[in-house]
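A.B. asks: below is the structure, and that's it, no one-letter string:
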C-alpha cells in the first residue's frame, strides 16, 4: 500500500536533483545558456494543469454525479423478480 507513494517521492527527488545539477555531459560542451529553470516556470505550469483537471473532476462529482453511472441503477427495484445474471 505504501510502496507506490515511496516510489513517487523518490522519483520526485530524483527529478529535482537532476534539474539542479544537470545530466551527464561526456563531451564537456557548455550548454548552460540553453537551460530553462525548473522552478518557477514548470512548477507553475504543472500546478495549473493539476488545478484544471481537479476542478473538472470536482465539477463532475458535485454538479452531475450520475453522468458516468450505470443506467440500470435508475430502474425501480422489484422484489418479486430477480435479474437474469443472478
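C.D. replies: Thanks, I have it. A quick note: this is a predicted structure, and the numbers were derived from the prediction, not measured.
A.B. asks: residue ranges of the helices in the protein, please?
C.D. replies: Along the chain, counting by DSSP state H, helices occupy 3-21, 43-63.
A.B. asks: out of these, which gets the lowest mean score?
C.D. replies: Here the lowest mean pLDDT among the helices of the chain goes to helix 3-21, at a mean of 90.
A.B. asks: residues making contact with that helix?
C.D. replies: residue 38 (Cβ atoms under 8 Å, 6 or more residues apart in numbering). For every residue, glycine as well, the C-beta is placed using N, CA and C.
A.B. asks: how far away from the center of its chain is that helix?
C.D. replies: How far helix 3-21 lies from its chain's middle: 15 Å, per Cα atoms, centre = their mean, to the nearest Å.
A.B. asks: just how off-centre is stretch 46-66 within its chain?
C.D. replies: Taking Cα atoms, centre = their mean, one finds the center of stretch 46-66 at 12 Å from the center of the full chain.
A.B. asks: so which bits of that stretch are buried?
C.D. replies: By neighbour count with 16 or more other Cβ atoms under 10 Å, stretch 46-66 contains no buried residues.
A.B. asks: show residues contacting it.
C.D. replies: By Cβ under 8 Å, 6+ apart, the list of residues contacting stretch 46-66 reads 67-68, 74.
A.B. asks: for this protein, which residue is closest to the average position?
C.D. replies: By Cα atoms, centre = their mean, the mean C-alpha position of the chain lies nearest to residue 50, the distance being 6.9 Å.
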